[in-house]
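Peer 1: got a sequence here, can you build the structure:
(chains A, B, C and D)
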There are 2 protein chains.
Amino acid sequence: MAALEKIYDRKPSKEGGDNEPASDGNVAMHEQVYERLREALISGRLSPGRVLSVRGIAAEFDVSAMPAREAIRRLAARGALEFTGTRRVSIARMTEDKLDEIKAARLWLEPTLAERALIRLDGQPRDRKKLLRELEKIDASLDAAIRRGDANQYSQYNSEFHFALYRASEATVLLDLVESLWMRVGPFMRVVIGRLGTSCLTDDHHKEIVQAIEEHDPDALREAVRQDILHGMDNIAASDFTAEG
Amino acid sequence: MAALEKIYDRKPSKEGGDNEPASDGNVAMHEQVYERLREALISGRLSPGRVLSVRGIAAEFDVSAMPAREAIRRLAARGALEFTGTRRVSIARMTEDKLDEIKAARLWLEPTLAERALIRLDGQPRDRKKLLRELEKIDASLDAAIRRGDANQYSQYNSEFHFALYRASEATVLLDLVESLWMRVGPFMRVVIGRLGTSCLTDDHHKEIVQAIEEHDPDALREAVRQDILHGMDNIAASDFTAEG
DNA sequence: TGCTGTTATTTGTGATCACATTTGCCGATC
DNA sequence: GATCGGCAAATGTGATCACAAATAACAGCA
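Peer 2: Alright, predicted model coming up:
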């Protein structure tokens, strides 16, 4: 293992005995592995180019080969992982063309999701208030992470902020598409922040997003989301994303 | 097996001996199974609600459980298959909301892909001519299928027509997204055609698409693709898609 | 020291087994 | 005749093994 970056912050060390059904909660192990890997991808805890081996993941997550295999397969199917020529699988590298495609797709999908969320919440004032509080809380944690210079926490909270909003749209299909895009960009946020520092993250547009929701202004919301995406994607484009972290 | 619809038109009956490496061509078996299933989904050869079991697919494709398992897992990861409450997996059923999301996404993605293809081909007159010929050929086969009333062939050629165009954009990320959408709608084309007959398919906009490419007219192309999508999606919406075929 | 060819290890893939859960079926009961 | 209960078959999941291919490590030579 040695110098290999950890994918997750070690399992919460089973609090009870050792023979319990692995805190299974009736969710399959391959599902848990998938979820953790997805989360690690989106919040940029995995470096571009890194090769994921079945046995390696299995060892790190303390499961047998089978669940690791299935989790990796699922991620690869969603485009989050890339097949090398020889059947191995790795975190995809970025190209200018791919970055441009992702940017274009995000610029349509995410404002659309945000707007749908807003429209749906117009009829649900209670849910709307709840979402606003949630967004504000996440954004506060996010700002704190920036001030601390904690890149990992930043990526984490940033994705939480966006997906909390998008999830409120209840548009599962569109959400799926966006998620697959975030899994592709995630690994590069880490690289960018490593190069430019957290200072480049201070001028996001989360405040405008929250404000637009408060004011029931769909157009302003779309524009705020749009600007936030542009801000993030242009940071990546400005960085040398072709090299690995 | 009995009354169970066949997913594919029986393996081309190994022409030689029986011990050859399964015509492997260095492509993994799970890959072959995945490819066939994907194709079956897109061209509507699988009915909504149908449950796919690992052993069932394995038997039908004459492979062991493992490749079937991985193929199913990958399709599920892309949203083409749906998890029932009890870990089983089936062709998803459609809802009005999901159909609306798919329609919206397609209406942005596919005109974009078409336009990108057109722009890219502006610099490649040879490829452009080749694509035009290919599209015209497919469209001819498609019309023939309609006249024959052959719904399966129609769906097949229709997807080929669109993806031949989109693939020319070389936009792999966007293409991935569109493909996942087609896998979700595919199963319902069969249902629609079953209800409305092939007569409802005659007024597609393929001719306009070809013409717009010939005339280097991006706006006309976008509009033609848009109309073609509307035509198809409204047919689904008009049908009773909540029931299974 | 730098390169090369060989060996040892790791890895993906497919197969098969075990087990708990679920599904489908059939007969008993009201 | 419809409903319920229980039993048998089918299914998803995880584990483990075998094998070929690919990667890494290393020794020998220039």
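
Peer 1: center of chain A - which residue?
Peer 2: Geometric centre of chain A, nearest residue: A:Ile42, 2.5 Å, by Cα atoms, centre = their mean.

Peer 1: now it, nearest residue through space, not along the chain?
Peer 2: Nearest residue to A:Ile42, sequence neighbours excluded (Cβ to Cβ, 6 or more residues apart in numbering or on different chains): A:Gly186, at 4.4 Å. Where you see a C-beta, it was placed from the backbone N, CA and C, and this is true even at glycine.

Peer 1: following element in sequence after the helix or strand harbouring that neighbour, please.
Peer 2: Secondary structure from DSSP states H and E places A:Gly186 in helix A:172-196. Proceeding N to C from helix A:172-196, the next assigned helix or strand is helix A:206-214, under DSSP H and E.

Peer 1: and the next helix or strand past that following helix?
Peer 2: Next along the chain after helix A:206-214, taking DSSP H and E as the criterion, comes helix A:218-238.

Peer 1: packing partners for that following helix?
Peer 2: Packing partners of helix A:218-238 (3 or more Cβ pairs under 8 Å, 6 or more residues apart in numbering or on different chains; DSSP states H and E): helix A:96-122, helix A:172-196, helix A:206-214.

Peer 1: buried stuff in that helix?
Peer 2: A:218, A:220-229, A:232-233, A:235-237 (16 or more other Cβ atoms under 10 Å in any protein chain shown).

Peer 1: what does it contact?
Peer 2: Under the criterion Cβ atoms under 8 Å, 6 or more residues apart in numbering or on different chains, residues A:94, A:96, A:99, A:102-103, A:106-107, A:110-112, A:114-115, A:118-119, A:185, A:188-189, A:192, A:196, A:200, A:203-206, A:208-209, A:211-213 lie in contact with helix A:218-238.

Peer 1: correct me, but A:Phe241 touches A:Asp100?
Peer 2: No. Assessed by Cβ atoms under 8 Å, A:Phe241 is found out of contact with A:Asp100, at 11.9 Å.

Peer 1: more crowded one of these two?
Peer 2: Set A:Phe241 next to A:Asp100 and count neighbours by other Cβ atoms under 10 Å in any protein chain shown: A:Phe241 wins out with 23 against 15.

Peer 1: apart from its neighbours in sequence, what residue is nearest the more buried one?
Peer 2: Distance criterion Cβ to Cβ, 6+ apart; nearest residue to A:Phe241, sequence neighbours excluded, is A:Met94 at 4.6 Å.

Peer 1: so what's the residue count around that neighbour?
Peer 2: That count, for A:Met94 with other Cβ under 10 Å as the rule, works out to 23.

Peer 1: shouldn't it be within a helix?
Peer 2: No. A:Met94 is assigned coil when assessed by DSSP: H, G, I helix; E, B strand; the rest coil, not a helix.

Peer 1: coming back round to it: list only buried entries from the contacts of helix A:218-238.
Peer 2: The neighbour-count test (16+ other Cβ under 10 Å) marks A:94, A:99, A:102-103, A:106-107, A:110-112, A:114-115, A:118, A:185, A:188-189, A:192, A:200, A:204-206, A:208-209, A:212-213 as buried among these.

Peer 1: of all the helices and strands packed on helix A:218-238, which one is nearest A:Glu134?
Peer 2: Of all these, the one in closest proximity to A:Glu134, counting by Cβ to Cβ, is helix A:206-214 (10.3 Å).

Peer 1: what's that closest one packed up against?
Peer 2: If you count contacts as 3+ Cβ pairs under 8 Å, 6+ apart, helix A:206-214 packs onto helix A:96-122, helix A:125-148, helix A:151-167, helix A:218-238.

Peer 1: show me what from chain A comes close to DNA strand C.
Peer 2: Neighbours of DNA strand C within chain A, by Cβ under 7 Å from any atom of the strand: A:52-56, A:65-66, A:69, A:87-89.

Peer 1: show me what contacts the residue nearest to A:Ile42?
Peer 2: A:41-44, A:46, A:155, A:159.

Peer 1: now with 7 Å?
Peer 2: A:41-44 (Cβ atoms under 7 Å, 6 or more residues apart in numbering or on different chains).

Peer 1: any idea what the residue nearest to A:Val51 when sequence neighbours are not counted is bridged to?
Peer 2: Sequence neighbours aside, A:Ser90 is the residue nearest to A:Val51 in space, at 4.4 Å (criterion: Cβ to Cβ, 6+ apart). In this entry, A:Ser90 is beta-bridged to A:Val51, A:Glu82, by DSSP bridges.

Peer 1: what residue in chain A comes nearest to DNA strand D?
Peer 2: Distances between chain A and DNA strand D by Cβ to the nearest atom of the strand are smallest at A:Ser64, namely 2.5 Å.

Peer 1: if we can go back for a sec, confirm for me that the residue nearest to A:Val51 is in contact with A:Pro48.
Peer 2: No. Assessed by Cβ atoms under 7 Å, A:Ser90 is found out of contact with A:Pro48, at 8.5 Å.

Peer 1: please identify which of the two sits among more neighbours.
Peer 2: For A:Ser90 and A:Pro48, the more surrounded residue by other Cβ under 10 Å is A:Pro48, and the numbers stand at 21 against 18.

Peer 1: confirm the more buried one sits in a helix?
Peer 2: No. Secondary structure of A:Pro48 (three-state DSSP): coil, not part of a helix.

Peer 1: tell me how far it lies from A:Ser239.
Peer 2: 12 Å (Cβ to Cβ, to the nearest Å).

Peer 1: overlap in contacts, those two.
Peer 2: Contacts common to A:Pro48 and A:Ser239, judged by Cβ under 7 Å, 6+ apart, are A:Val191.

Peer 1: among the helices and strands packed on helix A:206-214, which is nearest B:Thr172?
Peer 2: B:Thr172 sits nearest to helix A:96-122 of all these, at 7.0 Å, using Cβ to Cβ.

Peer 1: I'd say the residue of chain A closest to DNA strand D and A:Ala58 touch.
Peer 2: Yes. Between A:Ser64 and A:Ala58 there is a contact at 6.0 Å, judged by Cβ under 7 Å.

Peer 1: between the two, which one's more packed in?
Peer 2: A:Ala58 (19 against 13).

Peer 1: return the backbone torsion pair for that one.
Peer 2: Backbone geometry at A:Ala58, expressed as degrees, to the nearest 10, gives phi -60, psi -40.

Peer 1: how about it, nearest residue that isn't a chain neighbour?
Peer 2: Computed as Cβ to Cβ, 6+ apart, the closest residue to A:Ala58 that is not its neighbour in sequence is A:Ala68, at 3.9 Å.

Peer 1: and the helix or strand hosting the one you found, what does it pack against?
Peer 2: Using DSSP H and E, A:Ala68 sits in helix A:65-77. Judged by 3 or more Cβ pairs under 7 Å, 6 or more residues apart in numbering or on different chains; DSSP states H and E, helix A:65-77 is in contact with helix A:29-42, helix A:54-60, strand A:81-83, helix B:65-77.
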